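Undergrad: Prediction below, plus the sequence it came from.
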Amino acid sequence: MTASRRTFRPRLIALAGLIPLLAGCGLLSDNPQRQLYRTTPAFAFPAGLPHVGAQLLVAAPTAPAGLDTRRIALSRTPVSLDYYAAAEWTDRAPFLVQDALVEGFEKSAAMPAVGPDRGGLRADYVLDGAIEDFAASYDSPDGAPLVRVSLTAKLVRMPERKIVAHTAVKREERAAANAMPDIVRAFDAALGGASQEIVTWTVTNPALSDRQRAVR
């Protein structure tokens, strides 16, 4: 019994001494620190957008599990999905899209009251939808990726929750280089273009005009 303790203790000490060495080599390290990136989509709405008196709430779109994350997604084949190792978004992709849409409606100045669908607020309509694609696609190992943003949107009339219109939009933007800042700028351009298209589709939708005439 005593002999076994004498042989076991040095082994414990030896193993404990190896842990700092393994950690120093990165074999037992924590998750790598990732650089945070935020989306800053740009909007350029055409003149002459109609001014709509309806109130609108924008719901966070649904997304597949692989895209409902803060990780920045990439694809190297049509059937694969991966993530950049050292970068992530400041929030999950559905909330980035929701924020971009709300900002787009505010920048358009076409509706007097628009906000995110949070906190039980009431409105005349809810804009619901889904993310179909939100990833950087590589067609060559070291080339600049093509960023794809695909969204669907449904205009839901409240309080009956009736879908009165739906659409799908897709934008693609080639990154200037295979570097994270350039890839993020490509996401900004694709997300801004897709959001702007949905905003324009919403405020020019005949369903909103029909509702306003009915109220009057």
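TA: On my side now, so go ahead. Numbers count the residues shown, from 1 in each chain.
Undergrad: and the gap between the residue nearest the centre of the chain and Leu146?
TA: Centroid check for the chain by CA atoms, centre = their mean gives Ala93 as the closest residue, at 2.2 Å. Between Ala93 and Leu146 the distance is 17 Å, computed by CB to CB, to the nearest Å. Placement of C-beta: from N, CA and C, glycine included.
Undergrad: Quick check: what element follows the helix or strand bottoming out on mean pLDDT in the chain along the chain?
TA: In the chain, no helix or strand scores lower on mean pLDDT, DSSP states H and E than helix 2-24, which sits at a mean of 43. Next helix or strand after helix 2-24 toward the C-terminus (DSSP states H and E): strand 35-37.
Undergrad: what packs against the helix or strand following that next one?
TA: Using DSSP H and E, the helix or strand that directly follows strand 35-37 along the chain is strand 55-58. If contacts are counted by 3 or more CB pairs under 8 Å, 6 or more residues apart in numbering; DSSP states H and E, strand 55-58 sits against helix 93-108, strand 113-116, strand 125-137.
Undergrad: and strand 55-58, average pLDDT?
TA: Mean per-residue pLDDT for strand 55-58: 95.
Undergrad: Next, the angle helix 93-108 makes with the following helix or strand past that strand.
TA: With elements assigned by DSSP H and E, the helix or strand that comes after strand 55-58 is strand 71-75. Counting by axes from the mean of the first three to the mean of the last three CA atoms, to 10 degrees, strand 71-75 lies at 100 degrees to helix 93-108.
Undergrad: and the helix or strand just after strand 71-75, which strands flank it?
TA: As assigned by DSSP H and E, the chain's next helix or strand after strand 71-75 is strand 82-89. Strand 82-89 sits in its sheet next to strand 35-37 (parallel), strand 71-75 (antiparallel), going by DSSP bridges.
Undergrad: Tabulate those strands (CSV), appending mean pLDDT and mean neighbour count.
TA: Below are the strands paired with strand 82-89 laid out as CSV (pLDDT from 0 to 100; neighbours: other CB atoms under 10 Å):
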stretch, mean pLDDT, mean neighbour count
strand 35-37, 97, 14
strand 71-75, 97, 20
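Undergrad: Check whether the residue nearest to the centre of the chain really touches Phe134, as I assumed.
TA: Yes: using CB atoms under 8 Å, Ala93 is in contact with Phe134, at 5.1 Å.
Undergrad: Please enumerate the shared neighbours of these two.
TA: Here Ala93 and Phe134 share the contacting residues Ala63, Leu67, Ala73, scored by CB atoms under 8 Å, 6 or more residues apart in numbering.
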